[in-house]
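Visitor: model the following, please.
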Amino acid sequence: MHFISRREWAFLALVFLYSFIPAVVGLVRLPELLGAPAIIPPNPRAVIDPLPITLHILGSSVFCLVGAVQFLPSLRRCRPALHRALGRIVAVAGCVSALTGLWMTVAYAFPDTLQGPLLYVARVTLSLAMVALISWAIVAIRSRNVAAHRAAMLRAYAIGQGASTQTALFLVAMALFDTEPLGFSRDLLMIGAWVINLAIAELMIRRAFAARTSGAVI
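Guide: Predicted coordinates:
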């Protein structure tokens, strides 16, 4: 991987660090879901119906960690075949993550303190949006519309990374108020994390568009 620049390695390190807590907590829960003794406090919903959360953990981990590699310009430029191969894996993992997230939202019985109507609607909407964006990204790249492909995948990635930003906001909230947000405030915090991610994604897309336009003019 000598073709990856130091700046890109720094980007990967930052994304992996940002994804560390939700990814590791999810992976640590896998033995419990497979019947082993719980390492962290058990999740009753997961124990009763472990399949969707197991698939969600695996799909989300692959999508967030391997997906970060896909954004490296040097990978696309120097190893296009690898980029395409990883892209297929990331697309499947992203759809698995989104659809199992939708599955859990609809099938699991959440107490109102952990999921109110607002968060329920947001989760359903964003799960469907993530699948739609990944599907559109596939259609776009098959049509050789690279800009649309990258924009759609960046938006899907912003949704998929929601848990990382939610973790960061939860840590800040608990540090400030010395208590875990619950009820409506929790819903707002969870949704706010997706809003932040999508806003950053839109800024990056606009910046890339402006750079292409400027280059075309020159």
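Visitor: for residue 77, see how far away the residue sitting nearest the centre point of the chain is.
Guide: For the chain, the residue nearest the mean C-alpha position is residue 160 (1.7 Å; C-alpha atoms, centre = their mean). Residue 160 sits at a distance of 24 Å from residue 77 (criterion: C-beta to C-beta, to the nearest Å). All C-beta spots, glycine's among them, are computed from the backbone N, C-alpha and C.
Visitor: pLDDT wise, what is the residue nearest to the centre of the chain at?
Guide: Residue 160 is assigned a predicted lDDT (pLDDT) of 95.
Visitor: can you list contacts of stretch 170-185?
Guide: 112-114, 116, 118, 186, 189 (C-beta atoms under 8 Å, 6 or more residues apart in numbering).
Visitor: please point out which parts of that stretch sit buried.
Guide: 170, 173, 181 (16 or more other C-beta atoms under 10 Å).
Visitor: now the end-to-end length of that stretch.
Guide: 11 Å (C-alpha to C-alpha, to the nearest Å).
Visitor: just give me how far it sits from the chain centre.
Guide: Stretch 170-185 has its C-alpha centroid displaced from the chain centroid by 22 Å (C-alpha atoms, centre = their mean, to the nearest Å).
Visitor: go through the helix or strand containing residue 14 and flag the buried ones.
Guide: Using DSSP states H and E, residue 14 maps to helix 6-18. Buried residues in helix 6-18, defined by neighbour count with 16+ other C-beta under 10 Å: 8, 11-12, 15, 18.
Visitor: repeat for stretch 64-74
Guide: Quick answer for stretch 64-74 (16+ other C-beta under 10 Å): 64-65, 67-72.
Visitor: top of the contacts of stretch 170-185 by number of neighbours, please.
Guide: residue 186 (20 neighbours; other C-beta atoms under 10 Å).
Visitor: list the buried residues for the longest helix anywhere in the chain?
Guide: Ranked by residue count under DSSP state H, the longest helix found in the chain is helix 184-217. Residues of helix 184-217 classed as buried: 186-191, 193-194, 196-198, 201, 204-205 (neighbour count, 16+ other C-beta under 10 Å).
Visitor: now render the residues you listed as TSV, adding pLDDT and distance to residue 98.
Guide: Formatted as TSV, the buried residues of helix 184-217 follow (pLDDT from 0 to 100; distance: C-beta to C-beta, whole Å):
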residue	pLDDT	distance to residue 98
186	94	21
187	95	19
188	96	22
189	95	21
190	96	16
191	97	16
193	96	16
194	97	13
196	97	19
197	96	14
198	97	15
201	95	16
204	92	21
205	93	20
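Visitor: which one of those residues sits closest to residue 150?
Guide: Nearest to residue 150 out of the buried residues of helix 184-217 is residue 205 (C-beta to C-beta; 7.9 Å).
Visitor: excluding chain neighbours, what is closest to the closest one?
Guide: Residue nearest to residue 205 in three dimensions, not counting chain neighbours: residue 151, with 4.8 Å by C-beta to C-beta, 6 or more residues apart in numbering.
Visitor: the one you found reaches residue 206, doesn't it?
Guide: No. At 9.7 Å, residue 151 does not count as touching residue 206 under the criterion of C-beta atoms under 8 Å.
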